[in-house]
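Trainee: build me a model:
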Amino acid sequence: MKKYLPILILLLAPFLGVSQASLELEVAAQLIEKGNYRQAGKVAQQAYQKGNIEEKIEARLLQAKALDKSANLFNRKKIENRIELLLMDAYRKSEQMGMDSMNQVVNIMMKDMVDVDMEKPTPPLTAGGKAAQPPNIRDIAKRKIQEFNSYNDSLNAQLSALKIEKDELEQAISQLTLEQAQQQLMLARKEKTIDSIAMARMQDSLLVAAQEETLQRKEAELALRETQRNRSFLLTIGIIIIAGILFWLYYNTSRKNKIIDSERARSDELLLNILPASVALELKSKGKADARHYDQVTVLFSDFKDFTQISSNLSPQELVAELDECFQAFDRIVEQYQLEKIKTIGDAYMCAGGLPEPSEDHAQRTIQAAVDMQNWLRLNNQRALCHARIGIHSGPVIAGVVGARKFAYDIWGNTVNIASRMESQGMPGEINISQATYELSNNQFQYTSRGKIPAKGIGEIEMYFIKE
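Mentor: Prediction:
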């Protein structure tokens, strides 16, 4: 309960009929007795701001006492200076009062502080045997008491002089007539009125100065807020512009990347139309494709019967349309059996099995592709180009890419020449294979032996027709 007593006193101040400053001074005194010097100093400062002259003097003395109680050896000098300033302010306030009673109050309070300070323990001796005098308020208080006493004596002397002057004035007034006394009284009232007007003007000037200072401070705050708002606006605009630029760059880059990717995909697709996938990949990564030797592949050649005569009877558009239809069908069959289309020359169609990736059943797949080609031509016999010779031979070849522009994947070797001879020595609507291909086919088809037939530039070759 004692802990909350100061707070309770402050709350009941409006109902007790006493001033707020007086109650705060009482609270500050109780806080000093309880040892709460820091809070006592704060409460005394609040009383100083609210009280009259007497309460301001008492507040300064309580602040000095609280500082003196809370001082230690480390901050004693700093506290001593602060106490001296508080005492000087109390002195000036008592001087403004010009009353003997207030001087006596100040003297009593100062003596009380000196008596309290006398109770402190005797300081230890120094190396020279003299007592080390720690800084305290005793000397300051004594000096101030002497100053107050001297000032009190001076005031008493002035009071005596004023009494003498008063007696002289009373004697002079007694000698004045009633009319003169009234004039003197009116003059004194006018002088008092003038002094009051001057005081009011001075207060008005101070009030105007304070209002101007407040107005300037508010204008400065408004200017600072306006500056901050402008900065925020400019920063927001800058962020929006930067974000727009970044978005535009991102969008433009994405669009260009999409175009590049589309063109790259298109070029890759075109490249795969003329080159095997593995060769195209090597060409893209190295800028060239190395030639490769294959020990065993199967090469297929085909051309159409009487093509020269047929071409003379058809218009160029009709002839190209006929060839395009046939070769598209051949392309689908070649892709179905995983063969590699090499090229077309005029009405000749060339493909091979077992490359670019080697395989063991290249001969069987190539023969089956030839069978499907002949069957497709028979089913579409209403066309002008419906009779073709197909020749097949198996053996070693060299494969690679030739040329720097409009390059093409091609194969070379005697195997290619023999396959061409097998086609030229064949019959329309038949599939003519060599002995080497026959041996690799593992008897998966029905054959008709043709015996040894001479081939131009090569000699006699054992040949076989594939039966349907």
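
Trainee: what's the neighbour count on residue 380?
Mentor: Other residues lying near residue 380 total 13 when counted by other C-beta atoms under 10 Å. Using the backbone N, CA and C atoms, a C-beta is placed for each residue, glycine as well.

Trainee: all further residue positions should be reported with the first residue as 47.
Mentor: Got it, first residue is 47 now, which makes that one residue 426.

Trainee: does the closest residue in space to it that isn't next to it in sequence count as helix, strand or coil?
Mentor: Using C-beta to C-beta, 6 or more residues apart in numbering and skipping the chain neighbours, the partner closest in space to residue 426 is residue 432 (6.4 Å). Following DSSP: H, G, I helix; E, B strand; the rest coil, we place residue 432 in the coil state.

Trainee: hmm, residue 422 and residue 432 touching each other?
Mentor: No: counting by C-beta atoms under 8 Å, residue 432 sits too far from residue 422 to count as a contact (9.7 Å).

Trainee: list the residues that contact the residue nearest to residue 426.
Mentor: For residue 432, the contact set (C-beta atoms under 8 Å, 6 or more residues apart in numbering) comprises 423, 424, 426.

Trainee: would you map out the domains in the protein?
Mentor: The chain breaks down into these domains under automatic domain parsing: 48-218, 223-320, 336-513.

Trainee: tell me which of those sits most buried.
Mentor: domain 336-513 (a mean of 18; mean count of other C-beta atoms under 10 Å).

Trainee: could you tell me the end-to-end distance of it?
Mentor: End-to-end distance for domain 336-513: 40 Å, by C-alpha to C-alpha, to the nearest Å.

Trainee: got the domains of the chain as JSON lines, with mean pLDDT and distance to residue 328 columns?
Mentor: Below are those laid out as JSON lines (pLDDT from 0 to 100; distance: least, C-beta to C-beta, whole Å):
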{"stretch": "domain 48-218", "mean pLDDT": "66", "distance to residue 328": "87"}
{"stretch": "domain 223-320", "mean pLDDT": "78", "distance to residue 328": "11"}
{"stretch": "domain 336-513", "mean pLDDT": "89", "distance to residue 328": "7"}
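
Trainee: and these as a markdown table, adding distance to residue 329?
Mentor: Putting the domains of the chain into a markdown table (distance: least, C-beta to C-beta, whole Å) gives the following:
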| stretch | distance to residue 329 |
| --- | --- |
| domain 48-218 | 88 |
| domain 223-320 | 7 |
| domain 336-513 | 7 |
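
Trainee: so which of the ones you listed comes closest to residue 327?
Mentor: domain 223-320 (9.4 Å; C-beta to C-beta).

Trainee: got phi/psi on the residue nearest to residue 426?
Mentor: phi -130, psi 0 (degrees, to the nearest 10).

Trainee: can you pull the contacts of the closest residue to residue 493 other than its chain neighbours?
Mentor: Nearest non-adjacent residue to residue 493, counting by C-beta to C-beta, 6+ apart: residue 510, 4.4 Å away. Neighbouring residues of residue 510 by C-beta under 8 Å, 6+ apart: 478, 479, 480, 481, 484, 493, 494, 495, 496.

Trainee: I'd say the fourth one and residue 501 touch.
Mentor: Spelled out, it's residue 481. No: between residue 481 and residue 501 there is no contact under C-beta under 8 Å: 11.9 Å.

Trainee: the residue nearest to residue 493 sits in which helix or strand?
Mentor: For residue 510, the enclosing helix or strand under DSSP states H and E is strand 505-513.

Trainee: how far does that strand sit from the chain's center?
Mentor: 79 Å (C-alpha atoms, centre = their mean, to the nearest Å).

Trainee: ok, now stretch 406-416?
Mentor: 64 Å.

Trainee: other residues contacting that stretch?
Mentor: The contact list for stretch 406-416 (C-beta under 8 Å, 6+ apart) reads 342-346, 348, 379-380, 382-385, 397-400, 405, 436, 438, 440, 477, 479, 483, 486-488, 490-491, 512.

Trainee: rewinding a little: want to throw the contacts of residue 510 into a markdown table with secondary structure?
Mentor: Below are those laid out as a markdown table (three-state DSSP):
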| residue | secondary structure |
| --- | --- |
| 478 | strand |
| 479 | strand |
| 480 | strand |
| 481 | helix |
| 484 | helix |
| 493 | strand |
| 494 | strand |
| 495 | strand |
| 496 | strand |
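
Trainee: wait, which of those residues is closest to residue 81?
Mentor: residue 479 (122.2 Å).

Trainee: all helices of the stretch 297-446 of the chain, in order?
Mentor: 323-332, 353-359, 362-382, 408-425 (DSSP state H, counting those that start in this stretch).

Trainee: same list (those) but as a markdown table, adding distance to residue 261.
Mentor: Formatted as a markdown table, those follow (distance: least, C-beta to C-beta, whole Å):
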| stretch | distance to residue 261 |
| --- | --- |
| helix 323-332 | 79 |
| helix 353-359 | 106 |
| helix 362-382 | 92 |
| helix 408-425 | 101 |
